[in-house]
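>>> need the 3D shape of this:
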Amino acid sequence: MLTLSFLFLVLLSSLRLYAVLSCNQLDRESLLSFYHQISSASATPLNWSSTDCCQWEGIACRTYDLRVTRLWLPQRGLAGTITPFLANLSHLSHLNLSCNHLSGPFPHTVFNTLNHLQTVDLSSNQFNGSIDSVFLHEALNLIAFNVSTNSFIGPIPSSVCKNSRFLEILDFSMNQFSGQQFDGLGHCSNLRVFRAGLNSLSGWLPPDLYSMRTLKEISLFNNHFSGTINSIIVLLSNLKILELHVNELSGELPLDIGLLSNLEHLQLHTNNLSGTLPPLMNCSKLEVLLLRNNHFGGEISILDFSKLRQLQVVDFANNSFALTAVRLASNRLVGEIPPCISSLTSLYHLALSDNYLSNVVGALKILEHCENLTVLFLSRCFHDERMPDDNDLLHLTGFQNLQILTLGGCKLHGEIPFWTSKLRKLKILNLSYNKISGSIPTWLGNMPSLFDLNLTQNSLSGNVPHEISRLPALIAENTSSELIPLKLPYVVRGLEYNRLFNVHRALKLGNNSLSGDIPGEIGQLKLLQLLDLSNNKFNGSIPDELSHLINLERLDLSSNNLSGEIPESFARLHFLSSFSVANKDLEGEIPRDGQFETFSVTSFQGNPKLCGSQGERSCSVGTRVDIYEEEETEESPWYTTVPSGLGYFVGFFVVTVSLLFGGFCRT
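Numbering: from 1, shown residues only. Take a look at the predicted model:
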């Protein structure tokens, strides 16, 4: 009997302990009521069969009394309606039923009694009906309320802020809310995010918005808001996202909107906004700027975008901007040039160099429609593509105002395209550092305005055509040629030029496989300031006619197969500041006069037969010593290692013996 009694007591204690460890019975019955009104399309439906509801999926309970505090079932494929018995979960603090297929009105009584709620997320369902602020009257601890992407109607329950002073997130977007009243919104003194986009809200923007200094995001796009944007919006110093696009807003932007230094997204497109664009240089964190489909105007090129280093997306389409100059060089732009750029008929200056662009053929076909385009920088883009040829641009009629075209450093392969001959106003053509092959075409000499031709570092071969010496803009000043100021500086070799008039006249053909004689006719290009023929296969002598280039400042003939002497007439090149004939087979004396007195030995190194004070040896040693040195083997004579004093004595002795005995040193 004692044993049976003991077992009975143990069993009774176990039952009591089980009752204590199980969830609240009222909570369990409320959850089962919810469960019976829904179905699941998920491959793994809810398994709420155990006695203890605290162990069910998506449920969490308090440890000390096992009251349900969390109902968390997002993206579970749930369908059906919500039972009003959820109101019995009186200790619920987190409710998340987002991204399901739940429908019908949300029971009003649920919000009436759940005064512990902190998070409510009913987004991405099919709920309908209205949400009265009275329903949330007891939600004193509410922090986040998200009912976006449903079919709720009626006014925004903005007066929830009168009781829920801790609210940080309100998201009513993508519903059917309407009306003009936003009473009580200003009481949300901690609000960080306010979203109500894609509804049917109207009237002026809620005045209370401008007083909530904690706001980081205002998203009210795709509504019917009208009126102006109040200038006190600039006091929202924490604002990161401002999305007011697709409304009926009018007037000008606040002049000081640039004071929003934390702004990352500014989307105001498709409104009736007008006026000029205020300065935005202080919005250094700005990533997205969308202003299309408004009535903005003025000269946009005068705006300073240099500090907007984070800017990724810009859209100014369908306004009245006079966009004349755009520089987006040295960024990380990827992909193809969009066709919409062709609508920028006022575009004068476009710099896109040093990006990751592709499809050079498509780019030029689009840009040729920018009829006022004068400056086009596309260097170091379009990596390893084919140079657009005449088949690509067979009917080229654009670029008739183009004065600068750079496609250098793209490693384009092909030949120098004939279509460039149609660019009659072209002054600067840079095709350097590509893989261009073939010969230099003769028609280049007929381009009436060209004065800077850069074909450096390619695979060009053949002779330099004599026609190149006919370039009109290098022979005489062309008074009919327009040398208008540049909208943005032209930077070359670290120097900035604001006028094309100041740019060096240059012919740069270095680092190719050009051969034959250097045409003496190049001496006719009297305005030429820079001539680079280095690292080719030119042979013959240096033409004396090059001394007619009276404005020449830089001359590089190094690393060729030239022979003979440096023309004495070169001493008349008084502006020459850089000169090189290194690594050739030149001989004779280096000119002594003029600028040649200033050149270092590096200008002449690699020419053992040259002599002079600027060269590697003096001319006073004599011809016989030259011959001896020419026959010198790799192993140096013993006297090259003796001390300098003894070396002078030996040198004097050798010269004396050679004078006395004639050809003795020859043997």
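>>> just the strands in the stretch 151-300 of the chain please.
Using DSSP state E, counting those that start in this stretch, the strands found in the stretch 151-300 of the chain span residues 151-154, 169-171, 176-179, 193-195, 200-204, 217-219, 224-227, 241-243, 248-252, 265-267, 272-275, 288-290, 295-298.
>>> let me redo that: the stretch 551-667 of the chain
Shown for the stretch 551-667 of the chain, the strands assigned by DSSP E, counting those that start in this stretch span residues 554-556, 561-564, 578-580, 585-589, 609-611.
>>> which stretches of the chain form helices?
Defined through DSSP state H, the helices belonging to the chain, from first to last, are 2-21, 25-36, 108-113, 360-367, 472-475, 623-630, 644-661.
>>> for the second one, the distance to its chain's centre please.
To tie it back to what came earlier, the one meant is helix 25-36. Helix 25-36 sits 56 Å away from the centroid of its parent chain (C-alpha atoms, centre = their mean, to the nearest Å).
>>> which parts of it are buried?
Along helix 25-36, these residues count as buried under the neighbour rule (16 or more other C-beta atoms under 10 Å): 27, 28, 30, 31, 34, 35. Bear in mind the C-beta positions are built from the backbone N, C-alpha and C, glycine included.
>>> and that helix, average pLDDT?
Helix 25-36 carries an average pLDDT of 94.
>>> measure stretch 410-423 end to end?
Using C-alpha to C-alpha, to the nearest Å, the end-to-end distance of stretch 410-423 comes to 21 Å.
>>> what does stretch 554-566 contact?
For stretch 554-566, the external contacting residues (C-beta atoms under 8 Å, 6 or more residues apart in numbering) are 510, 518, 529-542, 546, 549, 573, 576-591, 610.
>>> ok, stretch 61-78 next?
Stretch 61-78 is contacted by residues 21-24, 27, 31, 34, 38-42, 46, 53-54, 57-60, 86, 89-102, 116, 121 when judged by C-beta under 8 Å, 6+ apart.
>>> and what of stretch 269-276?
By C-beta under 8 Å, 6+ apart, the list of residues contacting stretch 269-276 from outside reads 244-253, 290-298, 315.
>>> one more time with 10 Å
Contacts of stretch 269-276 with the rest of the structure, by C-beta atoms under 10 Å, 6 or more residues apart in numbering, involve 221-222, 225-226, 228-229, 243-253, 255, 289-300, 302-303, 315-321.
>>> quick one: low-confidence residue ranges for this protein.
Counting by pLDDT under 70, the chain shows low-confidence ranges at 1-21, 43, 301, 478-502, 615-616, 620-667.
>>> if we can go back for a sec, give me the buried subset of the contacts of stretch 61-78.
Among the contacts of stretch 61-78, those classed as buried by neighbour count (16+ other C-beta under 10 Å) are 22-24, 27, 31, 34, 38, 40, 46, 53-54, 59, 86, 89, 91-102, 116, 121.
>>> which of those residues fall in strands?
In strands, defined here by DSSP state E, the members of the buried ones among the contacts of stretch 61-78 are 38, 40, 59, 94, 95, 96, 101, 102, 121.
>>> the last one pairs with what?
When bridges are called by DSSP bridges, residue 121 pairs up with residue 96, residue 146.
>>> which residues does it contact?
72, 74, 94-99, 144-148, 169, 171.
>>> and residue 549, how many neighbours does it have?
Neighbours of residue 549 under the rule other C-beta atoms under 10 Å: 26.
>>> wait, what's in contact with the closest residue to it other than its chain neighbours?
For residue 549, the nearest residue in space outside its immediate sequence neighbours is residue 528; the separation is 5.2 Å by C-beta to C-beta, 6 or more residues apart in numbering. Residue 528 makes contact with 451, 469, 471, 474-475, 504-507, 522, 546, 548-555 under the criterion C-beta under 10 Å, 6+ apart.
>>> same thing but 7 Å
Under the criterion of C-beta atoms under 7 Å, 6 or more residues apart in numbering, the contact partners of residue 528 comprise 474, 505, 507, 549, 551, 552.
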